[in-house]
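Novice: dropping a prediction and its sequence here:
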Amino acid sequence: MKISCFLSAQFESSASAVDGVDAVVTQAAAAEAAGFHAVYLGHHYLAQSAFIQPIPLAGYLAAATDRVRIGTGVLLAPLLNPIALAEELASLDVLSKGRLTVGIGAGYRKRETTAFGVEWPDRLKRLADYVPILRSLWNGETLDISGSWGEVHGASLNLRTVQPGGPPLWIGAFAEAAIKRAARLDTPWLIGPKGNDQELARLLTIYRDALTEHGFSRDREYPMSREAFLGDTHDSAVAGIRPHLARQYAGYKSWQDAQGIDLDTYLEEDCLVGTAEEIVAKLRRWESDLGITEISLRLQFVGASQHEAMDQIARFGAVIELLNAPNVGEVV
């Protein structure tokens, strides 16, 4: 299983964004040195925090790293023009020398779609339309295309991506219809941070059955996002992350699923929180029972210290070593 890190590039409005970006770059370099597979960035507009936009930041991180992959988890693609997306993401693939992964999603805040003049139902159509447009342009095809975003005849890209066919495209989804849409588009489903093992097994069955229905292979990446915290004891890990999650999820006023979360149950069942032994056991269970191939971990929250983030990266780096060690049994 690949272990990746979600970088929280949003800061208190009273804090220095310049210092915040420097801290994110330091975290990315530390994650690369610790053996993390990738670093991922989120995307919002009109946020209540000082939110660094992911496309320019990804280019900045590409220059500051050498090996680690760089991705979005997720980019709010329907708010943007598909031609601009194809060009900018191709540019990022070149800047990163082929290390880009693009997770996209429809979004859940009406304030954002309204600001960009996108009708709420249209965001879903755009998401479905954009996947084949992006793939075709990255494959060197010439297209006549139109939509609520605009119209263009003879569209093609002279800029070639480093990765053949362009960077991998994933779709983040929570609802069953959205999960089936990801399967219909032959894209890996980027599983969000909510869902216990039983619920994930049910939804993965829906996704895999939909892949089969549309004639696509089930053999693919199965990425998942999780909130995470590693402590010396289980109780210390829970105590370390609980205040951050309480604040974080209280701020998700537009994400309906977040409103009914029982935080203590969520911490124990959905999140990756505990000792190294507990975390390794849970990761192995997700891999063997659910077929998860990559976990993206949020290790820092708005208002949390850089020291805590760096400590968590180092701790999970040790977990990566344990997971990658041959013939490892119990953690010692």
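Specialist: Right, received. Where do you want to start?

Novice: alpha carbons only for contacts and neighbour counts from here, please
Specialist: Fine.

Novice: which ones are touching the spatially most central residue of the chain?
Specialist: Of all residues in the chain, the one closest to the mean position by Cα atoms, centre = their mean is residue 73, 2.4 Å from it. Contact analysis of residue 73 by Cα atoms under 8 Å, 6 or more residues apart in numbering lists 6, 40, 41, 42, 43, 102, 103, 104, 172.

Novice: for it, pull up the helix or strand it's in.
Specialist: Per DSSP states H and E: residue 73 is located in strand 69-75.

Novice: and that strand, what's buried?
Specialist: 69, 70, 71, 72, 73, 74, 75 (16 or more other Cα atoms under 10 Å).

Novice: chain center to that strand: distance?
Specialist: 5 Å (Cα atoms, centre = their mean, to the nearest Å).

Novice: in the sheet, which strands lie alongside that strand, parallel or antiparallel?
Specialist: strand 38-41 (parallel), strand 100-104 (parallel) (DSSP bridges).

Novice: ok, back up a step: which of the buried residues of strand 69-75 sits closest to residue 324?
Specialist: Proximity of the buried residues of strand 69-75 to residue 324 (Cα to Cα) peaks at residue 69, which lies at 18.0 Å.

Novice: so the closest one touches residue 37, yeah?
Specialist: Yes. When contacts are counted by Cα atoms under 8 Å, residue 69 is listed as touching residue 37 (6.3 Å).

Novice: quick one on the thing from earlier: which two among the buried residues of strand 69-75 are spaced furthest apart?
Specialist: 69 and 75 (15.8 Å).

Novice: ok so residue 312 is a helix residue?
Specialist: Yes. Assigned with DSSP: H, G, I helix; E, B strand; the rest coil, residue 312 falls within a helix.

Novice: that one: how many residues sit nearby?
Specialist: Neighbour count for residue 312, taken as other Cα atoms under 10 Å: 20.

Novice: test my guess that it contacts residue 237.
Specialist: No. The criterion here is Cα under 8 Å, and residue 312 misses it with residue 237 at 10.5 Å.

Novice: in the chain, which spans are strands?
Specialist: For the chain, the strands defined by DSSP state E occupy 2-7, 10-11, 38-41, 50-51, 69-75, 100-104, 143-147, 150-155, 169-173, 189-191, 223-230, 272-274, 294-298.

Novice: residue 132 versus residue 141, what's the distance?
Specialist: Separation of residue 141 from residue 132 (Cα to Cα, to the nearest Å): 11 Å.

Novice: for the chain, give me the ranges with low pLDDT.
Specialist: Applying pLDDT under 70 to the chain flags residues 251-259, 327-332.

Novice: how does it look with 90?
Specialist: Scanning the chain for pLDDT under 90 picks out 247-261, 300-304, 324-332.

Novice: who are the contact partners of residue 70?
Specialist: By Cα under 8 Å, 6+ apart, the contact list for residue 70 reads 38, 39, 40, 58, 61, 62, 96, 99, 100, 101.

Novice: one more: residue 37?
Specialist: 2, 3, 4, 68, 69.
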